[in-house]
Structure formats: C-alpha cells, structure tokens
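A.B. asks: My questions concern the predicted model and sequence given below.
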Amino acid sequence: MKKLILLLSLVTFSAWAQVPKESPWKTKLRILITQIAGPEWSDKLLGKQEVKIAEFTLPEIPKNFKKSTDVTSYNKQSKPDTEFDKLPPERKGQFDKSFIEELFIVTRKIEPKDEDLSTWLNNLDQGGSREAVYQALVLDEVYATLEQLDEKPSVRLIDFCQRFSKNFFALTYTEEGLKQYNLYTLKRTLTEKGLDLLEYYEGKDLEELYRWYALFSAEMAKEYSPLFKSKLRQSTEAKFHYEWAKGMPVQHIKSEFILKMHQVMNQLQLLQ
C-alpha cells in the first residue's frame, strides 16, 4: 500500500518528465522508482529512456589487459565525491553490511559469522575496498577447499561462460577447456578477469568503464532477470545502468559486477 501511495504521488511529476533529454533529477527519480517498484513502473511514469546507439557501444577491449597479480602502479582516473561518499558513516555501514552478507552467500553459499561481519566492516570503515574484500575471500583456505570439490560446470553454465567471454572479454574458451574447471575456480577466474578489465578502464577512461558496465548489466538483466531479486538489477536499460554507475564510487561498480557474476553462475549451475 505504501508503495502504491508513493507511486501515485509521483504521477503528478510524470507529465513534466516527458522531455527529449533526461535531466539529472529525472534520472534520480527513475532510479528511486525502479528500486521501489521495478523498471516497468519507471517506464510508465517517466517514459522509456532514449538511448543514442553510438553512446552505448562497447569500448575497445584490449588484447592484453592488467592481471590481478600485477602490482605495477598506474594512475587511476579521479572521480568527484558521489552521493554515497556524502552519506553519514552509519548509513554507509548499512550498505557495506548488506554487501558483505551477499558476498559470503554468493561466493561460499553460507552467511557470514558475526566475527566475519565485524572484521570486514572494520576493514571497509578504515578505507579498504570492496574488491579487496572479495579477493581475500576467494584466495583464502576456505575457498581453496571449495575449489577441490568435484563439482564440474553444468552445460548451461558452460554456454554462458563461452558467450559472455566472447562478447565482453573478446576471449574464446572451448567447451572441453571449461569442463576442466571446478565450479568455484571458474567463478573466480571469470570474475577476476572482469575486474582486471574494469581496472584497465579505470586507469584509462571512466566513461569507458561506465559503458562497459552498463552494457554488461543490461545484457545480464535481459537474459537472467528472474535470477535477480533486486529491482535495480532487473532493469534492461543500458542508459539506466550507465547513469547509476556515474553516480556511484568505482568500488561499488566493481562490487555489483562481482555479485551479479557469482549469482548468475550459481543459478546456472543448478540448471543441469
């Protein structure tokens, strides 16, 4: 009922929203409505987003991009403080807690213990990155044990890995090659490859990072929307994900990539 009242209150603004180019306030309103009720309602109230085709082509994918083990220093593109950066510490902590809880579930299929939450929340509060938390979880002894399990990727998962890698990494994996992976090794390998590419764009041009992430997210929503609980992740509009990425810290863009990859791969593994 509360959601309905909020949506009805927004109808008044919908007539003002029908403008050729989406303004910043309209974009924020679209994200709010999508978060509450889903992309269908945001389209009904605000109209579909107009997307220029040239604006949403994949940026050039380099043949050799930075590896996770490469510690060579480089200059990252600076980004002004986002709305998240301006939140009070307790509010940031709530979002960080949700991230850690979801990260444990999609990587290890278990909920974090209280001591785990305390450790990693403190790490993030002291300036640590979400990407670093992920790397710590998939490179420790617990995850190493999971990588020893006899759990080979399903046919559906192999198909996803081949198509995804070709479209977004410009890499080709054979079916036989992918069959050699353990499920957990495969999830870590592809996710780390994506983080390497995002880090490459972060050092080169943030606009390219936003475009790559937007097209990745839109494609994931088109193909696997039922696998996502979040209304934000269910949006199939590249423009929507592009605007979201522009307004968030880079580490949050990376963390969304991590969670989406593991969530989809976990679910596809169940579809033998």
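C.D. replies: Sure thing, it's come through. Numbers count the residues shown, from 1 in each chain.
A.B. asks: Okay, now the unreliable bits of the stretch 51-200 of the chain?
C.D. replies: Residues of the stretch 51-200 of the chain meeting the criterion pLDDT under 70: 51-55, 66-75.
A.B. asks: Alpha carbons of stretch 103-115, as PDB, please.
C.D. replies: C-alpha atoms of stretch 103-115 as PDB (Å, rounded to 0.1, in the frame of the first residue of the first chain):
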ATOM      1  CA  LEU A 103      29.200 -11.600  -0.900                       C
ATOM      2  CA  PHE A 104      29.500 -14.500   1.500                       C
ATOM      3  CA  ILE A 105      26.300 -16.100   0.200                       C
ATOM      4  CA  VAL A 106      27.300 -15.900  -3.500                       C
ATOM      5  CA  THR A 107      30.900 -17.000  -3.000                       C
ATOM      6  CA  ARG A 108      30.600 -19.600  -0.200                       C
ATOM      7  CA  LYS A 109      26.900 -20.300  -0.100                       C
ATOM      8  CA  ILE A 110      26.900 -19.500   3.700                       C
ATOM      9  CA  GLU A 111      26.000 -16.500   5.800                       C
ATOM     10  CA  PRO A 112      28.900 -14.600   7.500                       C
ATOM     11  CA  LYS A 113      29.500 -15.100  11.200                       C
ATOM     12  CA  ASP A 114      29.300 -12.100  13.500                       C
ATOM     13  CA  GLU A 115      33.100 -12.000  13.700                       C
END
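A.B. asks: how about it: buried residues?
C.D. replies: Residues of stretch 103-115 classed as buried by neighbour count (16 or more other Cβ atoms under 10 Å): 103-108, 112. The way it works is simple: take the backbone N, C-alpha and C, and place the C-beta from them, glycine included.
A.B. asks: likewise stretch 146-160?
C.D. replies: By 16+ other Cβ under 10 Å, the buried positions in stretch 146-160 come out as 146-147, 153-154, 157-158, 160.
A.B. asks: now the strands for the stretch 51-200 of the chain?
C.D. replies: Counting by DSSP state E, counting those that start in this stretch, one finds no strands in the stretch 51-200 of the chain.
A.B. asks: all helices for it, in order.
C.D. replies: Applying DSSP state H, counting those that start in this stretch to the stretch 51-200 of the chain gives helices spanning 89-108, 114-125, 130-138, 141-146, 155-168, 175-179, 183-204.
A.B. asks: Same list, the buried residues of stretch 146-160, but as a markdown table with distance to Lys231 please.
C.D. replies: Putting the buried residues of stretch 146-160 into a markdown table (distance: Cβ to Cβ, whole Å) gives the following:
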| residue | distance to Lys231 |
| --- | --- |
| Leu146 | 31 |
| Glu147 | 33 |
| Pro153 | 29 |
| Ser154 | 27 |
| Leu157 | 25 |
| Ile158 | 30 |
| Phe160 | 23 |
